[in-house]
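Q: need a 3D model of the following:
(chains A, B, C and D)
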Number of protein chains: 2
Amino acid sequence: MLKEKNGDVAPIRAAVANEDGIDFTLIELFFFAYRDFTSDPDQMLADYGFGRAHHRVLHFVNRRPGLTVAELLDVLKITKQSLARVLKQLIDTGHIVQLQGPRDRRQRELYPTARGRELALALSRPQSRRIHGALTEMKGEGRKAIEQFLKAMVNPELRVQIDDDPLHRMEEDRE
Amino acid sequence: MLKEKNGDVAPIRAAVANEDGIDFTLIELFFFAYRDFTSDPDQMLADYGFGRAHHRVLHFVNRRPGLTVAELLDVLKITKQSLARVLKQLIDTGHIVQLQGPRDRRQRELYPTARGRELALALSRPQSRRIHGALTEMKGEGRKAIEQFLKAMVNPELRVQIDDDPLHRMEEDRE
DNA sequence: CAGAATACGTCAATAGTGCTGACTTAATTG
DNA sequence: CAATTAAGTCAGCACTATTGACGTATTCTG
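A: Here you go, the predicted structure:
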C-alpha cells in the first residue's frame, strides 16, 4: 500500500489517441477556432469597457429588433440578473432603447439606436471576414456544408431559435 | 437640438440584413454551436467543483504529456496567474502530476494520472459524439471540410500549435 | 565565477460574466 | 378582485481572467 491518499499518482507518458473513438483533433480545432473567432470583437469591446456579453446582446437586438427581455433571455440562455447589468449599460450608453410593448404594456421591446447598429456592424465585420476567408481557403462549395454542420451541432430542441432567424425566414419563406 | 446628451436615441426597427456583406447567419450559428458543444462537459465538471478551464488544462496535458507550464500557457493563451489555481486544484485532486524537467530542472513537466486520463476521456466523449452526430447529419465527405474550415478560422500565426498536434504528426508524418 | 535571464510559484487587487434567492412594481388575465 | 406575468432590483457568491510585484531555484553568458 504505497499509494497516495488521492490514489495512484503515476504519470501516464503516452498521449491520448483516437483509439478511444474520440475525435480530439476536431474538439481541439473547435476550441482554437472559437477562441480566435471571438478575439477581434473582444479587443474592440475593451475600448468601450464592454465584454463579450454586451456583444451578444447587441447582436440579437440588431437581429430581431423589438424582441422583449424575456425573449432575449431565452435566446441567450442566461438569467435575468446576468442580463441586467449588461443591458443597463447598453441603454445608458445609448446603444439600445426600450419601448413599452404595444399590446402588453408590461413588456419592454428592445431596439438598437443608430449608434448601437453601427457598433454591432463594426464588431461583426472582422468575424464575417474571418469566416469568409476560411471558406475561401477551404475551397469547394463549403458554406452550405459549414452551415449544416454548425446547425447540427446545436441541441435539437434549441434549433427553433435558429429557425426564428429573420434571414432564414426570408430564404425558406415558410407558412 | 432635441437630441439626448448621449446622441440620437431613435429606435431602428429594421433587422440587420446581409446587405452589409456580413454573414450574420454563420456568426450566430457559431455562437450557438459552441455554446452547446461546451455544455455537456460543463455539467460534468460541476460535479467535481471544476470549470471549463480545468477541462482545457486536462485536455492538453493528456494530448501532450510532459509539456511544461510555459508551453501550456502558450497554448491556452492565458496568464500564469490564471493557470495557477486551476493547475493546483488538478494536482491536489490527483488528476495531474508534475515531474522535474530532466534537462532543465527549473521546468515542471505535466503528466496526467490514470484518474486524469479517465476524466479527460469522459469529458470529451459527449463532445465527440456531438461532432460525429453532426457530421453524419450533414452527409457527404464532411469531416475533411470541417477540419479545413476550423483550421482556417484559427489565426495563421497560431496554427503551429495545431501542427504540433500529436495526431496530426502521425497522419502527416512530416520531417 | 558573477550577474543576467529564465521557469515557476505566489501574493494582492480588480474586472467580467455567470449563478441563486428574494422582493417590488405594474399590468394582464381569469 | 386574486393570481399570474414581465420586468427591475438587491445582496451575495463562484469562476475565469487580468495586471503588477516579488521570491527562489536554476541555467546561461560574458
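Q: domain-wise, how is chain A divided?
A: A:40-139, A:140-170 (automatic domain parsing).
Q: can you give me the helices for chain A?
A: Here chain A has its helices, by DSSP state H, at A:24-48, A:52-63, A:69-76, A:80-92, A:114-138, A:142-153, A:159-163, A:166-172.
Q: JSON lines please, covering the ones you listed and showing mean pLDDT, mean neighbour count and distance to DNA strand D.
A: Every C-beta, even on glycine, is put in place using the N, C-alpha and C of the backbone. Listed next are these as JSON lines, based on pLDDT from 0 to 100; neighbours: other C-beta atoms under 10 Å in any protein chain shown; distance: least, C-beta to the nearest atom of the strand, whole Å:
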{"stretch": "helix A:24-48", "mean pLDDT": "92", "mean neighbour count": "18", "distance to DNA strand D": "9"}
{"stretch": "helix A:52-63", "mean pLDDT": "95", "mean neighbour count": "22", "distance to DNA strand D": "11"}
{"stretch": "helix A:69-76", "mean pLDDT": "94", "mean neighbour count": "16", "distance to DNA strand D": "3"}
{"stretch": "helix A:80-92", "mean pLDDT": "95", "mean neighbour count": "15", "distance to DNA strand D": "4"}
{"stretch": "helix A:114-138", "mean pLDDT": "93", "mean neighbour count": "19", "distance to DNA strand D": "16"}
{"stretch": "helix A:142-153", "mean pLDDT": "82", "mean neighbour count": "20", "distance to DNA strand D": "21"}
{"stretch": "helix A:159-163", "mean pLDDT": "70", "mean neighbour count": "14", "distance to DNA strand D": "16"}
{"stretch": "helix A:166-172", "mean pLDDT": "42", "mean neighbour count": "13", "distance to DNA strand D": "19"}
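Q: would a markdown table of those with distance to residue B:79 be doable?
A: Below are the helices of chain A laid out as a markdown table (distance: least, C-beta to C-beta, whole Å):
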| stretch | distance to residue B:79 |
| --- | --- |
| helix A:24-48 | 15 |
| helix A:52-63 | 18 |
| helix A:69-76 | 28 |
| helix A:80-92 | 25 |
| helix A:114-138 | 24 |
| helix A:142-153 | 30 |
| helix A:159-163 | 35 |
| helix A:166-172 | 39 |
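Q: out of the domains of chain A, which gets nearest to residue B:65?
A: domain A:140-170 (28.8 Å; C-beta to C-beta).
Q: distance of residue A:136 relative to residue A:41?
A: Distance of residue A:136 to residue A:41, given as C-beta to C-beta, to the nearest Å: 21 Å.
Q: swap that for residue A:15, please
A: Residue A:15 sits 34 Å away from residue A:41, going by C-beta to C-beta.
Q: what's the separation between the spatially most central residue of chain A and chain B?
A: Residue closest to the average C-alpha location in chain A (C-alpha atoms, centre = their mean): residue A:56, at 6.1 Å. Taking C-beta to the nearest C-beta, to the nearest Å as the measure, residue A:56 falls 7 Å from chain B.
Q: so what's that residue closest to, chain neighbours aside?
A: Sequence neighbours aside, residue A:76 is the residue nearest to residue A:56 in space, at 6.1 Å (criterion: C-beta to C-beta, 6 or more residues apart in numbering or on different chains).
Q: and if you look at residue A:125?
A: Closest residue to residue A:125 apart from its sequence neighbours, by C-beta to C-beta, 6+ apart: residue B:22 at 6.2 Å.
Q: same check on residue A:44?
A: Nearest to residue A:44 is residue A:123, by C-beta to C-beta, 6+ apart, at 6.0 Å.
Q: ditto for residue A:161
A: Leaving aside its chain neighbours, residue A:161 sits nearest to residue A:75 (5.5 Å; criterion: C-beta to C-beta, 6+ apart).
Q: hmm, back to that, and the domains of chain A: which comes nearest residue A:10?
A: Closest of the domains of chain A to residue A:10 is domain A:140-170, at 36.5 Å (criterion: C-beta to C-beta).
Q: one step back: JSON lines for the domains of chain A, including distance to residue B:33?
A: Putting the domains of chain A into JSON lines (distance: least, C-beta to C-beta, whole Å) gives the following:
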{"stretch": "domain A:40-139", "distance to residue B:33": "13"}
{"stretch": "domain A:140-170", "distance to residue B:33": "4"}
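Q: give the closest residue to residue A:83 in space, chain neighbours not counted.
A: Nearest non-adjacent residue to residue A:83, counting by C-beta to C-beta, 6+ apart: residue A:73, 6.0 Å away.
Q: so the one you found makes contact with residue A:80?
A: Yes: applying C-beta atoms under 8 Å as the test, residue A:73 and residue A:80 come out as touching, 6.1 Å apart.
Q: what's the neighbour count on residue A:94?
A: By other C-beta atoms under 10 Å in any protein chain shown, 18 other residues sit near residue A:94.
Q: pLDDT score for it?
A: We note a pLDDT of 94 for residue A:94 in this prediction.
Q: look up how far residue A:124 lies from it.
A: As judged by C-beta to C-beta, residue A:94 and residue A:124 stand 19 Å apart.
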